[in-house]
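**Q** A predicted structure for the sequence below; I have some questions about it.
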Amino acid sequence: MSPTVRAQDDVLRRVQGEFLEMPGLRLTEPQARRLWGLDAASCSELLKELVDAQFLFRTRDGAFMRLEQAMPVNGRGPHPRKNVAAA
């Protein structure tokens, strides 16, 4: 394994570890670049790789977070709303 590939793998594991250690972590791409000291191209590729692997997802406003932390907005989650008839 080349030093470049090893360094990329180390950064990937570090990023995954940060998201696993901090449930609810939500970062925009510029925030991620600053946090991990990455250039724009490297950060974009890393985040794309994590989204493609279904480790992260991108929110409507462009932030990245763990797929497990996503909450449905339509009420069809683990506790669906019950219809109650009006009296």
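**A** Thanks, I have it.
**Q** can you give me the strands in this structure?
**A** 26-27, 56-58, 64-66 (DSSP state E).
**Q** pLDDT weak spots in the protein?
**A** 1, 4-5, 69-87 (pLDDT under 70).
**Q** how close does residue 27 sit to residue 36?
**A** 9 Å (Cβ to Cβ, to the nearest Å). For the C-beta atoms, the positions are set from N, CA and C on the backbone; glycine is no exception.
**Q** one step back: possible to save the strands of the chain as TSV with mean neighbour count?
**A** As requested, the strands of the chain are arranged in TSV below (neighbours: other Cβ atoms under 10 Å):
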stretch	mean neighbour count
strand 26-27	18
strand 56-58	18
strand 64-66	19
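**Q** starting at the chain centroid, how far to the helix ranked longest in the chain?
**A** With secondary structure taken from DSSP state H, the chain has its longest helix at helix 3-21. Averaging C-alpha positions (Cα atoms, centre = their mean, to the nearest Å) puts helix 3-21 14 Å from its chain's average.
**Q** C-alpha coordinates for that helix, PDB please?
**A** Extracted C-alpha coordinates of helix 3-21, given in PDB (Å, rounded to 0.1, in the frame of the first residue of the first chain):
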ATOM      1  CA  PRO A   3       1.900   6.100   1.600                       C
ATOM      2  CA  THR A   4      -0.800   8.200  -0.200                       C
ATOM      3  CA  VAL A   5      -3.400   5.500  -0.100                       C
ATOM      4  CA  ARG A   6      -2.500   4.800   3.600                       C
ATOM      5  CA  ALA A   7      -3.000   8.500   4.400                       C
ATOM      6  CA  GLN A   8      -6.300   8.600   2.600                       C
ATOM      7  CA  ASP A   9      -7.500   5.500   4.500                       C
ATOM      8  CA  ASP A  10      -6.400   7.000   7.800                       C
ATOM      9  CA  VAL A  11      -8.400  10.200   7.100                       C
ATOM     10  CA  LEU A  12     -11.400   8.100   6.100                       C
ATOM     11  CA  ARG A  13     -11.200   6.100   9.300                       C
ATOM     12  CA  ARG A  14     -10.800   9.300  11.400                       C
ATOM     13  CA  VAL A  15     -13.900  10.900   9.700                       C
ATOM     14  CA  GLN A  16     -16.000   7.800  10.300                       C
ATOM     15  CA  GLY A  17     -14.800   7.700  13.900                       C
ATOM     16  CA  GLU A  18     -15.800  11.300  14.500                       C
ATOM     17  CA  PHE A  19     -19.300  10.700  13.200                       C
ATOM     18  CA  LEU A  20     -19.600   7.500  15.300                       C
ATOM     19  CA  GLU A  21     -18.300   9.100  18.500                       C
END
